[in-house]
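Asker: got a predicted structure here, sequence first:
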Amino acid sequence: MPAVTFRSFITGDEDSVVELWSICGLVRPWNDPRKDIERKLRVQPELFVVAHDGRHVVGTAMSGYDGHRGWIHYFAVHPEQQGLGLGRGLVRDVEQRLGALGCPKIHLNVRSTNAAAADFWRAVGFEPGDSLTFARRLITD
Ligand SMILES: CC(C)(COP(=O)(O)OP(=O)(O)OC[C@H]1O[C@@H](n2cnc3c(N)ncnc32)[C@H](O)[C@@H]1OP(=O)(O)O)[C@@H](O)C(=O)NCCC(=O)NCCS
């Protein structure tokens, strides 16, 4: 795995994080990434984890624990650093953080079109569930 530090997001990371999400195809027209960051910084900001190589943010995992399940969103590794074990290291870091809070299980959503991500999650020990995801938007970005 490349030499990186896993740490919580800090304000100066914002531009590089949004750029990383764009490069990795995680930005959707109906989600404003800067508003998503702003909201996360109000709720368990320490669980918004970035991988930093000393110069740039090269990975992100926006995680949280709702008292029943842990969640991971915006999981990304920079394309130039993919396939080197960084994603696996980032998952393990998040698992430690959530586990330390007593979180018994972690959930996440993978778009049905993202077969590569599904293979990644299987490879790092996650199993697909048989639930449908339902969602209702309360705030329009
Ligand atoms: C998915 C992603 C985070 C994986 O990160 P990564 O650093 O390349 O993953 P790692 O190198 O740690 O790989 C860990 C395991 O997953 C497997 N894996 C990773 N990418 C894979 C792919 N595209 N297809 C199949 N398996 C893959 C690896 O083979 C490895 O398994 P192994 O150790 O048994 O060989 C990265 O490709 C990415 O950012 N993709 C774009 C954004 C995205 O889709 N995010 C997920 C949203 S749910």
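Answerer: Sure thing, it's come through. Predicted model, so just to flag it, every value in this text is computed and none were measured.
Asker: use CA for all of it now, contacts and neighbours both
Answerer: Fine.
Asker: please name the nearest non-neighbouring residue to H73.
Answerer: M62 (5.0 Å; CA to CA, 6 or more residues apart in numbering).
Asker: quick one: which helix or strand includes the one you found?
Answerer: Using DSSP states H and E, the element containing M62 is strand 57-65.
Asker: residues in contact with whichever helix or strand comes after that strand?
Answerer: Tracing the chain past strand 57-65, the next element assigned as helix or strand by DSSP H and E is strand 70-77. Strand 70-77 has contacts (CA atoms under 8 Å, 6 or more residues apart in numbering) with 20-21, 24, 26, 58-65, 86-87, 98, 103-109.
Asker: only whichever of the residues you listed are buried, select them in ChimeraX.
Answerer: Paste this into ChimeraX to select the buried members of those, with burial taken from 16 or more other CA atoms under 10 Å:
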select :20,21,58,59,60,61,62,63,64,65,86,87,98,103,106
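Asker: how close does V58 sit to S131?
Answerer: Relative to S131, V58 is positioned 31 Å away (CA to CA, to the nearest Å).
Asker: next one: the strand holding M62 to chain centre, how far?
Answerer: Here the centre of strand 57-65 is set off from its chain's centre by 4 Å, with CA atoms, centre = their mean, to the nearest Å.
Asker: likewise stretch 104-121?
Answerer: Here the centre of stretch 104-121 is set off from its chain's centre by 11 Å, with CA atoms, centre = their mean.
Asker: now the terminal residues of that stretch, how far apart.
Answerer: Stretch 104-121 has an end-to-end distance of 18 Å (criterion: CA to CA).
Asker: now check it, is it near the ligand?
Answerer: Yes. Shown here: stretch 104-121 in contact with the ligand (CA under 6 Å from any ligand atom) through 110, 116-117, 119-120.
Asker: mind jotting down where the strands sit in the protein?
Answerer: 5-8, 48-52, 57-65, 70-77, 106-108 (DSSP state E).
Asker: need those strands in CSV with mean pLDDT, can you?
Answerer: CSV is the format used below for the strands of the chain (pLDDT from 0 to 100):
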stretch, mean pLDDT
strand 5-8, 98
strand 48-52, 98
strand 57-65, 98
strand 70-77, 98
strand 106-108, 98
